[in-house]
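**Q** model the following, please.
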Amino acid sequence: MVSVRAPDWREGLAASLRAGVNALPGGSRGVVVFLGDMPLVPPSAAGLLIAALENGAIGAEMRFSGRPAHPVAFGRALFDDLRSLKGDRGGRHLLSDHDKTVRVETLDAGAVFDIDHVEDMARLEPWP
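**A** Below you'll find the model as predicted:
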C-alpha cells in the first residue's frame, strides 16, 4: 500500500481523487475507490468491479436497493476526467455519463453505511 498526500485537500474530495490517480503506476488499467468514512464497505466488492473493468466496462459501481453505493471503479479511459475534477465532488457523475458503466447490486448494507459525524460511530454497534 502506498500513502499519498493531497496538499490541496481543503478543496474537497476532488483533490483526493486527483492525488490518487496521479500516484497510480503508469500502466494502471483502472482504480477502485474506497472512501475512508465508509468502514463497512465489503472488500470483496473490489473483485466484482475489477471484473467488470476487465470485461470492457469504462467504469463500475455498486448499488444497494437500486441506489448508488460504494466502492466505485474507473477504467483508464476516465483517468483524465478524474484529474480534471474540482471542488468537493467525486467522480460518480462520470459513470452516469457512459453507457459502458456496469452497476453491481449488493445486499450488504455496509456499502452505504457512512460516518460523517461522531454520533454516527454509535451506529457501528449493531454491525458485525
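
**Q** where are the low-confidence patches of the chain?
**A** Along the chain, segments meeting pLDDT under 70 span 1, 125-128.

**Q** who does the lengthiest strand in it pair up with?
**A** Secondary structure of the chain read by DSSP state E shows that its longest strand is strand 67-75. Sheet pairing for strand 67-75, assigned by DSSP bridges, gives strand 30-33 (antiparallel), strand 59-64 (antiparallel).

**Q** and for the shortest one, what's in contact with it?
**A** With contact meaning Cβ atoms under 8 Å, 6 or more residues apart in numbering, strand 30-33 is reached by 17, 20-21, 24, 46, 49-50, 53, 70-76, 79, 90-91. Backbone N, C-alpha and C define where each C-beta goes, glycine included.

**Q** which among those residues count as buried?
**A** 17, 21, 24, 46, 49-50, 53, 70-75, 79, 90-91 (16 or more other Cβ atoms under 10 Å).

**Q** which one among these gets closest to E61?
**A** Taking Cβ to Cβ as the measure, E61 sits nearest to V72 out of the buried ones among the contacts of strand 30-33, at 4.5 Å.

**Q** how about L85, nearest residue that isn't a chain neighbour?
**A** Using Cβ to Cβ, 6 or more residues apart in numbering and skipping the chain neighbours, the partner closest in space to L85 is A14 (3.7 Å).

**Q** ignore what I typed, I meant L53.
**A** Here the residue nearest L53, using Cβ to Cβ, 6+ apart, is G30, at 4.3 Å.

**Q** in this protein, which spans are helices?
**A** 13-22, 45-54, 79-83, 92-96 (DSSP state H).

**Q** count of neighbours near the residue nearest to L53?
**A** Neighbourhood size, G30 [other Cβ atoms under 10 Å]: 21.
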